[in-house]
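Enquirer: predicted model and sequence below, questions to follow.
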Amino acid sequence: MRGLTLQRAAVLAAALAALVWLGFRYADAQRIAGVQRVAAAKHPTDAQLESALADARRRVGLDPGTGAESLSYVASLEIRLRRPAAALVALEEIVRREPDTAEAWFLIAQLTRTSDPARSAEARAQLHRLDPRAGPVGH
């Protein structure tokens, strides 16, 4: 009888842990959906962009991914807030984590075109490496 009680307790503990994890994942999905809505909006206010940016910067610790998705939203929102240097920090982190992310290389090339032509050229080379059909960026 004692063994059966321990088994039930173990099953209950596992189920409770799964429910907690699912709750975190649901909250994370809701937060990302809100960020996506603001990022896609035609004319969001700076306050909406700042709120979405704060949400995009928060990551649930149980997320097994690299965080590149959240960082891409951070970069996008920073660009919309007219803060290219902050967007560049997020983009550089994306390509550090996932070097085959063409969109990030494209944006790095664009954002550094006048401020850091050497970095822009390097980003264009990475973009060409990923897609040899890609034409010149920013020329």
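Expert: Yep, that arrived.
Enquirer: distance of the most centrally placed residue in the chain relative to residue 37?
Expert: Nearest residue to the geometric centre of the chain (CA atoms, centre = their mean): residue 70, 2.0 Å. Applying CB to CB, to the nearest Å, the value for residue 70 to residue 37 is 15 Å. (C-beta placed from N, C-alpha, C; glycine too.)
Enquirer: just residue 124 next, same as before
Expert: 32 Å.
Enquirer: and what of residue 97?
Expert: For residue 97, the distance to residue 37 - CB to CB - is 25 Å.
Enquirer: then residue 115?
Expert: Taking CB to CB, one finds residue 115 at 31 Å from residue 37.
Enquirer: which one of residue 124 and residue 37 is surrounded by more residues?
Expert: residue 124 (23 against 12; other CB atoms under 10 Å).
Enquirer: and the helix or strand where the more buried one lies, what does it pack against?
Expert: Here residue 124, judged by DSSP states H and E, is contained in helix 117-130. Judged by 3 or more CB pairs under 8 Å, 6 or more residues apart in numbering; DSSP states H and E, helix 117-130 is in contact with helix 102-111.
Enquirer: what packs against the helix it packs on?
Expert: So helix 102-111, by 3+ CB pairs under 8 Å, 6+ apart, packs with helix 68-80, helix 84-97, helix 117-130.
Enquirer: and residue 36, what helix or strand is that in?
Expert: If you go by DSSP H and E, residue 36 is part of helix 2-40.
Enquirer: just want the angle from that helix to helix 68-80.
Expert: 30 degrees (axes from the mean of the first three to the mean of the last three CA atoms, to 10 degrees).
Enquirer: quick revisit: got the angle for the helix holding residue 124 vs helix 102-111?
Expert: Helix 117-130 and helix 102-111 meet at an angle of 150 degrees, taking the same axes, to 10 degrees as the criterion.
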